[in-house]
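**Q** sequence and predicted structure below; questions after.
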Amino acid sequence: MNVLVINCGSSSLKYQVIDSVTENVLAKGLCERIGIDGRLVYQPAGGEKEITEAAMPTHKQAIQMVIDALMNEKTGVIKSLDEIGAVGHRIVHGGEKFAASALISDEMIQAVENCSELAPLHNPANLIGVRACQELMPKTPMAGVFDTAFHQTMPEEAYLYGVPYEYYEKYGVRKYGFHGTSHSYVSRRAAAVLNKPYEELKTIVCHLGNGASVCAVKNGKSVDTSMGLSPLEGLIMGTRSGDIDPSAVEYMAKKEGLDMEGIMNVLNKKSGVLGISGVSSDFRDLEEAENNGNPRAKSATRAFNYRVLKYIGAYAAAMNGVDCICFTAGVGENNGVIRKQICDNLGYLGIAIDDEANAKRGEEVVISTPDSKVKVLVIPTNEELAIARETVALVQK
């Protein structure tokens, strides 16, 4: 079965077509600037990247362009839509309603809409993609795969905030966590690499990119994660502040004359390593600036590393130990310097890093030494494959 995986944003759309039997990617790409002017990037497996500038007034037109590219006589990978057996949609927030992926239905869409207050930047955009695909492929089964679902196994003590309980009861104010598809995929893959039973491992996954989170996976279940009600809580990230004293938020708002919308814009888009460094939210730019003697770039990287280190320590305590630590996502997969700086402070766990293995970029590799008490791995994440797997499992039921 060929699965079309859709990851829809407010003005963008990423896609892949995956053969569920071989798990090979047949084609991939993205649509950008939807509703503005439009740009389609399409790349068939083994082929050159094709770029088309064309108007995309809505997501429906964007998905139609994707379909046209997939069926192109010269570089297409399917001859008709009948060759797409299912569509898997990434949906960011499922609240407490969804502890697993679900087939798309009117009831499911309504439940996702009800969660939109918790993810106003993501859920509405995700549903736009769902509805556009339904219009163009009305007979094709579709599934929604939720970022939050994997974390629904967190115990109460991990997800409750120290606010009046009625706010949880009335408004769902609690920790939900994100990057669940990535944390699930990477923790399972680590068990396979180590040839250990997934249900018997204590794993800490560090998903480190522009958005970043750490997750504690005990016996195959998420028991805590750094992101919270929204993706703003937790680590310092590319442009997000991460954990911060709420009084500091009030103080800054008053000093800068900002309303709630203004201060949230600062915390989400102008903070993180960008805010500290004044250079960039891209860690490659920070590394270059630091090498050129920029002290604020160095401060930003050190602050980022320190928060990751603290969460690893906290989750090792929460699980009463840890068997393996995984690094994934853009920074985690490609920045050996940051991995080494974090792991150098984990000697108390018996961790030792193999510098030669750690120098590799973007590869699946064990970077700890053979005698390291805790194994440390780099596992490239593959959220699209995880979505395809979940979709196939639901459709085949």
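**A** Noted; the coordinates are in hand.
**Q** below-threshold pLDDT in the stretch 201-350 of the chain: ranges please.
**A** Counting by pLDDT under 70, the stretch 201-350 of the chain contains no low-confidence segment.
**Q** skip the chain neighbours and tell me the closest residue to residue 11.
**A** residue 34 (4.9 Å; C-beta to C-beta, 6 or more residues apart in numbering). In this view, the C-beta of every residue, glycine as well, is placed from N, C-alpha and C.
**Q** since we're on the one you found, how many residues are nearby?
**A** When neighbours are defined as other C-beta atoms under 10 Å, residue 34 has 26 of them.
**Q** now do residue 43
**A** Applying other C-beta under 10 Å, we find 18 residues neighbouring residue 43.
**Q** what pLDDT does it get?
**A** On the pLDDT scale, residue 43 is placed at 95.
**Q** for it, give its distance to residue 183.
**A** When distances are taken as C-beta to C-beta, to the nearest Å, residue 43 and residue 183 turn out to be 27 Å apart.
**Q** and for residue 189?
**A** 11 Å.
**Q** more neighbours, the two?
**A** For the pair residue 189 and residue 183, the greater number of neighbours falls to residue 183 (31 against 22), based on other C-beta under 10 Å.
**Q** what comes into contact with the helix or strand that one falls within?
**A** Using DSSP states H and E, residue 183 sits within helix 180-194. Applying C-beta atoms under 8 Å, 6 or more residues apart in numbering, the set of residues contacting helix 180-194 from outside is 90, 145-151, 197-198, 201, 203, 205, 207, 213, 215, 217, 220, 222, 225, 324, 326, 328-329, 364, 366, 375, 377, 379, 381-383, 385-387, 390.
**Q** taking those residues one by one, which sit in strands?
**A** 90, 145-146, 203, 205, 207, 213, 215, 217, 222, 225, 324, 326, 328, 366, 375, 377 (DSSP state E).
**Q** flag every buried residue along the helix with the most length in the chain.
**A** Longest among the helix segments of the chain by residue count, using DSSP state H, is helix 295-318. The neighbour-count criterion (16 or more other C-beta atoms under 10 Å) identifies 296-298, 300-301, 303-305, 307-309, 311-313, 315-316, 318 as the buried residues of helix 295-318.
**Q** likewise for stretch 257-265?
**A** When neighbours are counted by 16+ other C-beta under 10 Å, the buried residues of stretch 257-265 are found to be residue 263.
**Q** contacts for it?
**A** Applying C-beta under 8 Å, 6+ apart, the set of residues contacting stretch 257-265 from outside is 249, 252-253, 256, 266.
**Q** now for those residues, which pair is the farthest apart?
**A** 249 and 256 (10.9 Å; C-beta to C-beta).
**Q** higher neighbour count, those two?
**A** With other C-beta under 10 Å as the criterion, residue 249 and residue 256 differ in neighbour count, and residue 249 comes out ahead with 17 against 10.
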